[in-house]
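Peer 1: Got a predicted structure plus its sequence, pasted below:
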Amino acid sequence: MNRTMKKLLCLTTAGVLGLSALAGCGSKKIDGTKPLLTGKEDTVTVGTGNLVLRMNQVQMMSYMSMMGGGTTGMWEQKTEDGKTYGEQTKDSVLEQLKAMMLLKEHAADYKVSVSDEEKFLERNSKIYEGMEVENLKITEIQVGKKEGKEVPVSYHTAFDTLAGVVEFDNKAVFVDTKEGYKLRWKDSLIIPNLTRTDKIQVETIPAQRGQILDRNGRMLAGKGLATAVGIVPGKLENKEEAFQKLGEILQIQPEGIQSKLEAEWVKEDSFVPVATISGEQETEDKLLEISGVMLSDVEVRSYPLKEAASHLIGYVQAVTAEDLEAHKGEGYPANSVIGRSGMEGLFEKRLKGQDGCKISIFSEDGTEKEVVASKIKEDGENILLTIDAELQKSLYEQFREDRGCSVAIHPYTGEVLALVSTPSFDNNEFITGMSSERWTSLNEDANLPLYNRFRQI
């Protein structure tokens with residue numbers, strides 16, 4: 001567990017370890033009533049109102065160094081005989097105590113004693129990681145009056161999540177025991193109203209990528225359908241024969257198919273995708289003759305003009321680890337796509353949109369109890385080009401065998417009506433996937449179909 005996560009875990013329970021210090025780790029009443037716990041030797045006390053914190057001189061120096069410039073007023077320090085060195089507001093003291101107690105390792109210094117801590121922190125960690133909690137802040141810490149053996153501590157929590165800002169007021173209770181003050185751990189310390197049997201669900205609502213349209217509103221890039229080819233393991237009769245036939249039809253290696261079926265999540269009745277094809281009827285018929293093979297429609301990015309506009313429109317691909325690092329914080333989940341070239345790349349920020357998200361509490365029976373936070377999706381913007389789709393196709397057909405580029409410009413406005421690079425390629429192949437043989441043939445073609453010639457002018 002790294003230091004950042006430790007901070008989040010401890011902050012989650014309103015600086016639980018800091019609150020532990022307030023409730024029992026060397027705290028006492030200044031009015032002379034019996035201290036909650038005895039202090040160490042050579043101690044001084046810091047605080048105002050009716051709260052003080054006892055610590056030795058080394059801890060005091062650490063404490064003062066961690067306060068930085070966020071203090072207000074002056075210090076009030078008291079030794080055992082009650083001598084005063086200054087004044088400071090209660091709120092400032094509480095904030096500084098919280099800052100000092102952020103990390104779990106400080107607990108050992110103050111003999112913080114808690115029960116069921118590990119289980120709580122483990123669940124807390126998973127929930128907060130799932131929600132991608134950032135910028136967690138604990139404020140308005142108030143220590144209540146001790147009633148019996150219990151000391152209530154109220155606080156306000158705020159943090160950022162995938163679904164937006166979450167804020168709530170909460171309360172922790174510390175119990176006086178023979179071993180010291182112990183925090184009463186419960187799941188509602190993570191999020192109010194959360195019980196031990198409840199589940200937190202983080203639902204991503206994908207944004208629709210914007211379309212690229214010609215001057216007349218005709219789609220040049222947008223939503224289309226393809227066919228997902230998959231295998232249901234339990235229905236396979238002869239694996240080796242099936243893999244061999246699939247490999248021949250789809251132009252993929254049988255070993256690659258086998259590796260997909262060996263994934264941990266795969267069960268006998270699972271649909272395991274192995275390839276995506278453009279949906280030719282003849283190919284689909286051949287695939288369905290193989291035992292265990294199933295076909296399913298899948299939504300993909302589609303380019304209707306194919307070779308006629310591939311250099312101009314470009315294509316999208318799944319994000320890589322490098323993309324995620326380069327575009328950190330821009331809303332790219334691991335399963336998203338990004339524009340690689342052409343208009344898809346040029347207008348990526350406008351086309352992309354922003355995914356929506358909803359974080360909910362679900363009861364044991366699957367009923368949604370509460371929406372913790374939600375963010376409405378924002379679909380990408382449609383981009384209208386000056387290109388005329390019919391003229392683009394016509395220009396391509398005239399020069400498809402030439403090695404060069406062609407352009408058609410409006411004689412009065414100067415608008416580009418068509419822009420073609422030839423020879424070309426079908427950009428839909430980058431969506432459905434292509435075999436290594438096909439990729440090699442495109443790259444080794446002497447006519448350089450992947451080369452964008454109008455970009456070199």
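Peer 2: Yes, it's here. Numbers count the residues shown, from 1 in each chain.

Peer 1: Which residues lie in contact with Glu289 in this structure?
Peer 2: Glu289 makes contact with no residue under the criterion C-beta atoms under 8 Å, 6 or more residues apart in numbering. C-beta coordinates here come from the backbone N, C-alpha and C atoms, glycine included.

Peer 1: ok, so what distance separates it from Gln317?
Peer 2: 32 Å (C-beta to C-beta, to the nearest Å).

Peer 1: cool, and Ser424?
Peer 2: Distance from Ser424 to Gln317, by C-beta to C-beta: 18 Å.

Peer 1: Please apply the same query to Asp285.
Peer 2: Distance from Asp285 to Gln317, by C-beta to C-beta: 30 Å.

Peer 1: what's the answer for Thr227, then?
Peer 2: Taken as C-beta to C-beta, the span from Thr227 to Gln317 is 19 Å.

Peer 1: Can you show me the helices along the stretch 301-450 of the chain?
Peer 2: 310-313, 321-326, 342-346, 348-352, 389-399, 429-432, 436-444 (DSSP state H, counting those that start in this stretch).

Peer 1: out of the ones you listed, deepest packed?
Peer 2: helix 310-313 (a mean of 24; mean count of other C-beta atoms under 10 Å).

Peer 1: What lies in contact with it?
Peer 2: 212, 220-221, 303, 305, 341-344, 387, 392, 419-421, 424-427, 452-455.

Peer 1: Okay, now the unreliable bits of this structure?
Peer 2: 1-121, 456-457 (pLDDT under 70).

Peer 1: How is it divided into domains?
Peer 2: 3-189, 384-456 (automatic domain parsing).

Peer 1: How far off centre is the shortest one?
Peer 2: If I follow you right, that is domain 384-456. 37 Å (C-alpha atoms, centre = their mean, to the nearest Å).

Peer 1: cool, stretch 293-306 as well?
Peer 2: The answer for stretch 293-306 is 27 Å, by C-alpha atoms, centre = their mean.

Peer 1: then that stretch to PDB, C-alphas only?
Peer 2: The C-alpha trace of stretch 293-306 is given here as PDB (Å, rounded to 0.1, in the frame of the first residue of the first chain):
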ATOM      1  CA  VAL A 293     -19.100 -20.800 -33.200                       C
ATOM      2  CA  MET A 294     -21.700 -18.000 -32.700                       C
ATOM      3  CA  LEU A 295     -22.100 -14.600 -34.300                       C
ATOM      4  CA  SER A 296     -23.300 -11.400 -32.700                       C
ATOM      5  CA  ASP A 297     -23.900  -7.900 -34.000                       C
ATOM      6  CA  VAL A 298     -21.600  -5.300 -32.500                       C
ATOM      7  CA  GLU A 299     -21.500  -1.500 -32.800                       C
ATOM      8  CA  VAL A 300     -18.300  -0.200 -34.400                       C
ATOM      9  CA  ARG A 301     -17.000   3.000 -36.000                       C
ATOM     10  CA  SER A 302     -17.800   2.900 -39.700                       C
ATOM     11  CA  TYR A 303     -16.400   4.600 -42.800                       C
ATOM     12  CA  PRO A 304     -18.900   4.300 -45.700                       C
ATOM     13  CA  LEU A 305     -16.600   5.800 -48.400                       C
ATOM     14  CA  LYS A 306     -13.800   3.300 -47.600                       C
END
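
Peer 1: So which bits of that stretch are buried?
Peer 2: Buried residues in stretch 293-306, counting neighbours by 16 or more other C-beta atoms under 10 Å, are found at Val293, Leu295, Val298, Val300, Arg301, Ser302, Tyr303, Pro304, Leu305, Lys306.

Peer 1: Pick out the most distant pair among those residues.
Peer 2: Farthest pair in the buried residues of stretch 293-306 (C-beta to C-beta) is Val293 and Leu305. Separation: 31.3 Å.

Peer 1: In terms of neighbours, single out the busier of Ser424 and Gln317.
Peer 2: More crowded of Ser424 and Gln317, by other C-beta atoms under 10 Å: Ser424, with 22 against 15.

Peer 1: what sits against the more buried one?
Peer 2: So Ser424 contacts Glu307, Ala308, Ser310, His311, Tyr396, Arg400, Pro449 (C-beta under 8 Å, 6+ apart).

Peer 1: And for Lys267?
Peer 2: Pro233.

Peer 1: what does His156 give?
Peer 2: His156 neighbours (C-beta under 8 Å, 6+ apart): Ile138, Thr139, Glu140, Glu167, Phe168, Asp169, Asn170.

Peer 1: Am I right that Trp185 falls within a strand?
Peer 2: No - the assignment for Trp185 (DSSP: H, G, I helix; E, B strand; the rest coil) gives coil, which keeps it out of a strand.

Peer 1: Can you get me a residue count around it?
Peer 2: By other C-beta under 10 Å, neighbour count at Trp185 equals 19.

Peer 1: Please report how far it lies from Val316.
Peer 2: Taken as C-beta to C-beta, the span from Trp185 to Val316 is 47 Å.

Peer 1: repeat for Glu132
Peer 2: 24 Å.

Peer 1: What separation do you get for the nearest residue to Asp355 once chain neighbours are set aside and Asp379?
Peer 2: Excluding its sequence neighbours, the residue lying closest to Asp355 (C-beta to C-beta, 6 or more residues apart in numbering) is Ala207, at 5.0 Å. Going from Ala207 to Asp379 by C-beta to C-beta gives 5 Å.

Peer 1: Looking at these two, which is more packed in?
Peer 2: Between Ala207 and Asp379, Ala207 has the larger neighbour count (other C-beta under 10 Å), namely 18 against 15.

Peer 1: quick one, what contacts the more buried one?
Peer 2: For Ala207, the contact set (C-beta under 8 Å, 6+ apart) comprises Lys352, Gly353, Gln354, Asp355, Gly356, Lys377, Glu378, Asp379, Gly380.
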